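>>> here's my sequence, what's the structure:
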Amino acid sequence: MSTLVDEDRSLIETAVDKFILEHYPFEEREKRLAKNGKFGGHWPKFAELGWLMLAFGEEAGGMSGTIKDVQVLSRAFGRGLITEPWLEAMVAGKVLEHGAAGEAKARWLTPLMSGESVLILAHGEHKGHLDFSAIQAQGRMTERGYQLQGTKRVVCQAGAAEKFLVTALIDSEPAVFLVDRHAKGLSLNEFTSVDSRYAADIELSNVALTRDALLCQGEQAETSIKLAILFAFGILLGEMRGIADCLVRLTAEYLNTREQFGTVIANFQALQHMLTDMVIAQEEIRSLEWMVAELADDESLAIHERAVRSAKARASTVGRKLCETGVQLHGGVGLTEEYVASHYLRRMIAIDAMYGDAGQHLVWLADTYSAS
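The predicted model follows:
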């Protein structure tokens, strides 16, 4: 249950909207990347404003914010197309919060919330999209600790991490390990993702770890991973809403200023229908965002997972269609690098793909619940 009230959320929303307006004007995107680097330059400010503490419980030193509270941030971050690894770090923090023991949790979660370090979850693999606990990377015990072997694929913002939370199997049980980015045997194959951010495949070749690198294993590790990814989906629904709100507004403004055949093209009935479809999709995303936030406190993990996966699948489908229509209605300018519409579409495509796209989640839902 959130300790924040609507007035608190309003203050946070005002502050983050002002920050995005001042620091993330799209017209200065290239200049900003050249100045701050590909992972942004505002991480210390995120910490100063309390945005890195919002999602975590008071017992861990956080602000006990719920999905509903954190979505206030993600909506604005979606509109601003931020480059900082905020989402990825929050997901890693949630794994720590749910899975790590008290001493290890405090040791690594506190510097994450204070902005002193960046931790990122390295979990995705070739066949791990539908079942969040499906892991192929292997760990084995040694005299001094553990040794890891395997590959983690498309780890978003991996290059910004100082340490990774790496998932692997120990005696056929899932486990989470803390691994330094510069550990011997760990290598990053970094590449640009579809949304012009950065990701990497991580190769683990006999990476040697001490015993205290093991944070959790078994059912505790499996549950912490699942809760963190479902939390990520709740954040992403907020980001999708932020993108949808902004693109609908920009498209309506464009249709009411662009003239053709002696009139603004907003007067053309076919285009009015297309804009209406965008508004319907926008409202559907808003409803799904609200539903996930309201179900976040549901005591049944199975009910929570079913609702969140369904919401992610549906919002991704209508969100992509909304962005595609917005780009189409802008005509040629909508496809250019210099205009924000195409960047919103690319980000929506990237969101769809995170931890399984809409089609994969629908297959999982059908396989899981067809018998019932």
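
>>> so for stretch 178-190, first residue to last residue, what's the gap.
Taking C-alpha to C-alpha, to the nearest Å as the measure, stretch 178-190 stretches 20 Å from start to finish.

>>> please apply the same query to stretch 49-59.
Terminal residues of stretch 49-59 lie 19 Å apart, using C-alpha to C-alpha.

>>> mind listing what's buried along it?
Neighbour-count burial for stretch 49-59, counted by 16 or more other C-beta atoms under 10 Å, picks out 49, 51-56. Where C-beta positions appear, they are placed from N, C-alpha and C, glycine not excepted.

>>> what's the answer for stretch 331-345, then?
For stretch 331-345, the buried set under the neighbour-count rule, 16+ other C-beta under 10 Å, comprises 334, 339-345.

>>> switch these over to CSV; also include distance to residue 273 and secondary structure.
Listed next are the buried residues of stretch 331-345 as CSV, based on distance: C-beta to C-beta, whole Å; DSSP: H, G, I helix; E, B strand; the rest coil:
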residue, distance to residue 273, secondary structure
334, 18, helix
339, 23, coil
340, 24, helix
341, 19, helix
342, 23, helix
343, 25, helix
344, 21, helix
345, 20, helix
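
>>> for the residues you listed, which one is nearest residue 283?
Set against residue 283, the nearest of the buried residues of stretch 331-345 by C-beta to C-beta is residue 344 (17.4 Å).

>>> return the distance of the lowest-mean-pLDDT helix or strand in the chain from the chain's centre.
Across the helices and strands of the chain, mean pLDDT, DSSP states H and E gives its lowest value to helix 29-36, namely a mean of 88. Chain-centre distance of helix 29-36: 22 Å, with C-alpha atoms, centre = their mean, to the nearest Å.

>>> show me the contact partners of that helix.
Residues from elsewhere that reach helix 29-36, judged by C-beta atoms under 8 Å, 6 or more residues apart in numbering: 23-24, 41-42, 81, 83.

>>> one more: stretch 102-114?
Outside stretch 102-114, the residues that reach it (C-beta under 8 Å, 6+ apart) are 47, 52-53, 56, 60-62, 89, 92-93, 96-97, 100, 117-119, 163, 178, 212, 215.

>>> ok, stretch 65-79 next?
With C-beta under 8 Å, 6+ apart as the contact definition, stretch 65-79 has outside contacts at 1-2, 4, 8-9, 12-13, 16-17, 19-20, 51, 54-56, 63, 86-87, 90, 231, 234-243, 245-246, 289, 292-294, 296-297, 347.

>>> quick one: mean pLDDT over that stretch.
Mean pLDDT, computed over stretch 65-79, is 95.

>>> tell me which residues of that stretch are tucked away?
Per 16+ other C-beta under 10 Å, stretch 65-79 contains these buried residues: 65-79.

>>> which one of the residues you listed is nearest residue 316?
Checking the buried residues of stretch 65-79 against residue 316 by C-beta to C-beta gives residue 78 as the nearest, at 13.5 Å.

>>> now the closest one. Nearest residue, chain neighbours left out?
residue 242 (3.1 Å; C-beta to C-beta, 6 or more residues apart in numbering).

>>> what's the burial count for that neighbour?
Neighbour count of residue 242, defined by other C-beta atoms under 10 Å: 26.

>>> then residue 266?
Neighbours of residue 266 (other C-beta under 10 Å): 18.

>>> what of residue 35?
Residue 35: 9 surrounding residues under other C-beta under 10 Å.

>>> circling back: look up how far residue 40 lies from the residue nearest to residue 78.
Using C-beta to C-beta, to the nearest Å, one gets 17 Å for the distance from residue 242 to residue 40.

>>> run through the residues that contact residue 159.
38-39, 188, 190, 198, 200.

>>> tell me how far it lies from residue 197.
From residue 159 to residue 197 the distance is 10 Å (C-beta to C-beta).

>>> residue 18 now?
From residue 18 to residue 197 the distance is 24 Å (C-beta to C-beta).

>>> what's the answer for residue 148, then?
The gap separating residue 148 from residue 197 is 26 Å, by C-beta to C-beta.

>>> so for the longest helix along the chain, what gets flagged as buried?
Counting residues, the longest helix found in the chain (DSSP state H) is helix 219-255. Under the neighbour-count criterion of 16+ other C-beta under 10 Å, helix 219-255 has 220-248, 250-252, 254-255 buried.

>>> hang on, isn't residue 305 packed against residue 233?
No - counting by C-beta atoms under 8 Å, residue 305 does not reach residue 233; the two are 9.6 Å apart.

>>> how about residue 311, what does it touch?
Here residue 311 is in contact with 233, 237, 288-289, 291-292 (criterion: C-beta under 8 Å, 6+ apart).

>>> try it again with 10 Å
Listed by C-beta atoms under 10 Å, 6 or more residues apart in numbering, the contact set of residue 311 reads 233-234, 236-237, 240, 285, 287-292, 295, 361.

>>> among these, which has the minimum pLDDT value?
Lowest pLDDT among the contacts of residue 311: residue 295, with 86.

>>> so how far does stretch 126-136 reach from one end to the other?
In stretch 126-136, first residue to last residue: 9 Å (C-alpha to C-alpha).

>>> what about it, distance to the chain center?
18 Å.

>>> next one: stretch 290-308
Computed by C-alpha atoms, centre = their mean, the chain-centroid distance of stretch 290-308 equals 17 Å.

>>> over to stretch 216-235?
Taking C-alpha atoms, centre = their mean, the mean C-alpha location of stretch 216-235 is offset from the chain mean by 14 Å.

>>> can you give me the helices for the stretch 101-250 of the chain?
In the stretch 101-250 of the chain, the segments counted as helices under DSSP state H, counting those that start in this stretch are 102-113, 219-255.

>>> for the most centrally placed residue in the chain, which non-adjacent residue is spatially closest?
Relative to the mean C-alpha position of the chain, the nearest C-alpha, by C-alpha atoms, centre = their mean, is the one of residue 87, at 4.4 Å. Closest residue to residue 87 apart from its sequence neighbours, by C-beta to C-beta, 6+ apart: residue 235 at 5.8 Å.
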